[in-house]
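> give me the fold of what follows.
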Amino acid sequence: HVSTYNLHTRILEGLPNIEIPSSPFTSIDELIIDNNGGIWMNHILGQKLITNNWGKGVHRYDINKRQYTDHLMESDLDVKTLYENQVNRLFKDRSGCVWACTKGGLVKINVTVSNFNVYSLSDNSIGPIHVDSSGNIWIQSWNTRPYRYKLEDNELVDNTPYLIRNPSVPAALENILDIFSPQKNIFWFCSGYGHGILEYFIDDHQDRFIRQYQIRDGLPDNNINLTFYDSQQQVWVGTDNGVALYNSENGTFRSNLNNSDSLFQFKNNITAIEQSNEDLWFGTMEGILVRHRKSTTSEHFNSPQVYSPTGGWIMSIKNNGDNILWLGTWQGLFKFDILSETLEKIENIPLLNSTIAEIQIGCDGNLWLGTLSGLVRFNPNTMESNSFRPGEGIRINHINWKSSDQDRHGNLFFGTIAGVVYFNPEQITNFA
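Here you go, the predicted structure:
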């Protein structure tokens, strides 16, 4: 018999609609309440010391629906089949999974519904991810060519163009650090291994190689880390040797090779670019934050301001529109107040790993932090956080640098060492 006791009314009553066959030797030794409002119990029928097969499986009672179901070795359809009906112990881990200790072994009963989706490629260590204006998701695996997908019925469907898939494509496409579309149907594949930028025309009917941008075109370095499209429709490129500005009229770049403006004289490894109002922000591998106050009346790029967070390598910068910059660094999350020009390290986040490789601002208004040990959901208003890693709603961990994006429907995509994780933040409710 199973009963509930109300602490306020001090009334003890049995749970309705539970029909457990009873006998003088019937007992229920274990009760576990799962995260979905269910009570799990084992059911023992018979005398333990003298009966070999005395187990009657495991049972679940849904408190909300007032429904009772049993799970036996020979008839279970909803839970992984029990090795034996004899269930000695039940316990629940921190992810919400219920574990049954049976005579035949340990059984994991996953009663949580994860809204994290995982897509595996032939090479599962994922590099850059880019969502283009047509809603295509470009995904690059390390040491392989980029692939293009459509998200259909929450499944990634491969629709990679023939030219990119062709084995004769230049090997430069195998080591891409960024994928960028400066205009519709024009794609830049940015090499981090000395090949500069490869430009292609790609639509649903044809695809062709156009040209390759390198130092001869004004790039300060042929190792390209990232690209950025600002509000004035200018394209900025971050390299291992400083930043460059693209001139679409003649197909060249302004950089420290051909321009003396002080902004271009920062010969640092540019690893992150963001915009707030009319200001541009550049993060470097050396841990320097550079601010350029843009002017619509001058063609010069002088007098940038420099800030130095203590977190080392600035891997990601995000502005959520309220004069606050969030910096993901090698050693944690930093908050930069643009108005007061003050830096603050966020100390009260139980980070899975201090290295924050990627930041995305979700449609739920929260920051989603990709760390080297999983995902963290951070509320910038309440400063509360929730972690997601193997065993806590997500199967894989280690989010890679330059490997995230979001589509117009609010879906977030993160690349890991074991595939692509994608989800809609508004559907993630099983917080750890």
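> switch to C-alpha atoms for all contacts and neighbour counts from now on
Noted.
> centre of the chain to stretch 138-156, how far?
Stretch 138-156 has its C-alpha centroid displaced from the chain centroid by 15 Å (CA atoms, centre = their mean, to the nearest Å).
> start to end distance for that stretch?
Counting by CA to CA, to the nearest Å, you get 11 Å between the two ends of stretch 138-156.
> give me the contacts around it.
119, 121, 123-132, 135-137, 157-161, 164-165, 173-176, 179 (CA atoms under 8 Å, 6 or more residues apart in numbering).
> filter those residues to the buried ones?
124-132, 136-137, 160-161, 164, 173-176, 179 (16 or more other CA atoms under 10 Å).
> from these, which ones fall inside strands?
With strands defined by DSSP state E, the entries of the buried ones among the contacts of stretch 138-156 inside them are 126-131, 137, 176, 179.
> ok, these vs residue 224, which is closest?
Of all these, the one sitting nearest residue 224 is residue 176; the distance, using CA to CA, is 8.6 Å.
> how near is residue 232 to residue 294?
Separation of residue 232 from residue 294 (CA to CA) stands at 10 Å.
> who has more neighbours, the two?
Set side by side, residue 232 and residue 294 show unequal neighbour counts under other CA atoms under 10 Å, the larger going to residue 294 at 17 against 9.
> these two touch, right, the more buried one and residue 279?
Yes - with contact defined as CA atoms under 8 Å, residue 294 and residue 279 form a contacting pair (5.4 Å).
> ok, back up a step: dump the ones in strands among the buried ones among the contacts of stretch 138-156 to CSV, plus pLDDT and distance to residue 405.
What follows is those, written out as CSV (pLDDT from 0 to 100; distance: CA to CA, whole Å):
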residue, pLDDT, distance to residue 405
126, 92, 13
127, 92, 12
128, 95, 9
129, 96, 6
130, 96, 6
131, 96, 7
137, 96, 9
176, 91, 16
179, 96, 11
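> what's in contact with stretch 276-288?
Against stretch 276-288 from outside (CA under 8 Å, 6+ apart): 231, 268-275, 289-295, 306-317, 319, 321, 323, 329.
> quick check on the residue nearest to residue 228 when sequence neighbours are not counted: phi, psi?
For residue 228, the nearest residue in space outside its immediate sequence neighbours is residue 236; the separation is 5.1 Å by CA to CA, 6 or more residues apart in numbering. Reported as degrees, to the nearest 10, the phi and psi values for residue 236 are phi -110, psi 150.
> now the element after the helix or strand bottoming out on mean pLDDT in the chain, going C-ward?
Taking mean pLDDT, DSSP states H and E as the measure, the chain has strand 67-71 as its least confident helix or strand, at a mean of 62. Later in the chain than strand 67-71, the nearest helix or strand by DSSP states H and E is strand 87-92.
> ok, that following strand: who's next to it in the sheet?
As defined by DSSP bridges, the strand partners of strand 87-92 come to strand 98-102 (antiparallel).
> hang on, isn't the residue nearest to residue 228 packed against residue 242?
No - counting by CA under 8 Å, residue 236 does not reach residue 242; the two are 10.7 Å apart.
> local confidence estimate at residue 292?
Reading off the confidence values, residue 292 has pLDDT 92.
> who are the contact partners of it?
Going by CA under 8 Å, 6+ apart, the list of residues near residue 292 reads 263, 279-281, 301, 303-305.
> and which of the residues you listed is nearest to residue 206?
Ranked by distance to residue 206 (CA to CA), these are led by residue 280 at 35.6 Å.
> and residue 257, that one's in a helix?
No - going by DSSP: H, G, I helix; E, B strand; the rest coil, the assignment for residue 257 is coil, not a helix.
> for it, give me its contacts.
Each residue near residue 257 by CA under 8 Å, 6+ apart is listed here: 218-220.
> that one and residue 150: what is the separation?
Summarising the geometry, the distance separating residue 257 from residue 150, computed by CA to CA, is 40 Å.
> also residue 413?
Separation of residue 413 from residue 150 (CA to CA): 13 Å.
> for residue 128, same thing?
In this structure, residue 128 lies at 16 Å from residue 150, with CA to CA as the measure.
> residue 40 now?
From residue 40 over to residue 150 (counting by CA to CA), the distance is 40 Å.
> which of these two has more neighbours?
residue 40 (24 against 18).
> does the more buried one lie in a helix or a strand, and which?
If you go by DSSP H and E, residue 40 is part of strand 38-44.
> what is that strand packed up against?
strand 31-33, strand 55-62, strand 87-92 (3 or more CA pairs under 8 Å, 6 or more residues apart in numbering; DSSP states H and E).
> recalculate using a threshold of 10 Å.
strand 31-33, strand 55-62, strand 67-71, strand 87-92, strand 98-102 (3 or more CA pairs under 10 Å, 6 or more residues apart in numbering; DSSP states H and E).
> with just CA atoms, put that strand into CSV.
Written as CSV, here are the backbone C-alpha positions of strand 38-44 (Å, rounded to 0.1, in the frame of the first residue of the first chain):
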residue,chain,number,x,y,z
GLY,A,38,6.0,10.4,-11.1
ILE,A,39,6.5,8.1,-8.1
TRP,A,40,8.6,5.0,-8.9
MET,A,41,8.4,2.0,-6.6
ASN,A,42,9.6,-1.5,-6.5
HIS,A,43,7.2,-4.3,-5.7
ILE,A,44,8.3,-7.4,-3.9
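> can you flag the weakest of the helices and strands packed on strand 38-44 by average pLDDT?
Per-stretch mean pLDDT for the helices and strands packed on strand 38-44 is lowest at strand 67-71 (a mean of 62).
> give the contact list for residue 404.
Contact partners of residue 404, counting by CA atoms under 10 Å, 6 or more residues apart in numbering, are 126-131, 139, 357-360, 370, 412-416, 420-422.
> change it to 8 Å
When the contact criterion is CA under 8 Å, 6+ apart, the partners of residue 404 are 128-130, 358-360, 412-415.
> next, count neighbours for residue 233.
Counted with other CA under 10 Å, residues neighbouring residue 233 total 10.
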